[in-house]
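Chemist: this is a predicted model, with the sequence first.
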Amino acid sequence: LKMSAGKKITICVEGNIGSGKTTLLDHFAQFPEVKTISEPVNKWRDAGGHNLLELMYSDPARYSCMFQSYVQLTMMDNHTAPVEKPIKMMERSIHSGRYCFIENLHRGGLMADAEYAVLDQWFQWITANVNVQPDLIVYLRTSPEVALERIRRRSRDEERAIPESYVRALHELHEDWLVRRAQFPVPCQVLVLDADQDLSLLKEEFNVRKQEILCRSEVKSPV
Ligand SMILES: Cc1cc2cn([C@H]3C[C@H](O)[C@@H](CO)O3)c(=O)nc2[nH]1
């Protein structure tokens, strides 16, 4: 793998709940040039002794703003975390946090307009003042049916009650953002992978497209 000396790249792996992001990160963690950074779910499950993820799913109208506010902070922390290796591969981003999750909660009436406005102000300030810019987004594209089936199979405690409509709405918001380019800005180039296939076959595709995934973002800057 020929990496231009000194150029560090950030890849964000995006996708619905249950789309296979952890499988992809675990696969790429084996390569010496890649540092993977998973979603800090453990911080969300224990913030000062509080399980914010559980609170959010149990009473989203009351807790989703607080939860997304903390998520935004922890994702900014991941974006800005210094990495020795040339490639940082992150699970999700502050961008999908704003354009998919916060959007979904507000459109679903689970977040007040005022809360949505304040979270957006934070997001706008951060993206204008902090380097949270990825070089490549790898979108693990699944059908809602497959995502739902994997969520049920994995059954994270806090996720057992996620309604099908929530997963469907999240899917559409990922499609609007990354495929249809309907409304929100896409911060970098996007590589779409069909993640409906069995995860072991998906690993095959990761290998076949490894150079593309890891080098493609090299092509980003024409200079
Ligand atoms: C950036 C971002 C990630 C993220 C994850 N989640 C939820 C979806 C899953 O149930 C769990 C782990 O991804 O956290 C969320 O509600 N809001 C989020 N925002």
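Modeler: Received the coordinates, thanks. Residues are numbered from 1 along each chain as shown.

Chemist: for residue 87, what are phi and psi?
Modeler: Main-chain torsions, residue 87, degrees, to the nearest 10: phi -120, psi 120.

Chemist: kindly report the same for residue 46.
Modeler: phi -150, psi 80.

Chemist: what's the pLDDT at it?
Modeler: Residue 46 is assigned 97 on the pLDDT scale.

Chemist: what's the neighbour count on it?
Modeler: Other residues lying near residue 46 total 12 when counted by other Cβ atoms under 10 Å. Using the backbone N, CA and C atoms, a C-beta is placed for each residue, glycine as well.

Chemist: pretty sure residue 166 sits in a helix.
Modeler: Yes: counting by DSSP: H, G, I helix; E, B strand; the rest coil, residue 166 is located in a helix.

Chemist: mind checking how far it is from residue 108?
Modeler: For residue 166, the distance to residue 108 equals 7 Å [Cβ to Cβ, to the nearest Å].

Chemist: quick one: which of these two has more around it?
Modeler: residue 166 (20 against 16).

Chemist: so what's the more buried one up against?
Modeler: Residues near residue 166 by Cβ atoms under 8 Å, 6 or more residues apart in numbering: 104, 108.

Chemist: low pLDDT regions in this protein?
Modeler: Per-residue confidence for the chain (pLDDT under 70) gives these ranges: 1-6, 216-223.

Chemist: try 90
Modeler: Scanning the chain for pLDDT under 90 picks out 1-7, 153-161, 198-223.

Chemist: so which residues on it come close to the ligand?
Modeler: Counting by Cβ under 6 Å from any ligand atom, the residues of the chain close to the ligand are 17, 39, 41, 53, 71, 75, 92, 96, 97, 101, 159.

Chemist: do that again at 8 Å, thanks
Modeler: Contact residues, the chain versus the ligand (Cβ under 8 Å from any ligand atom): 17, 39, 41, 44, 53, 56-57, 64, 67-68, 71-72, 75, 91-94, 96-97, 100-102, 105, 156, 158-159, 162.
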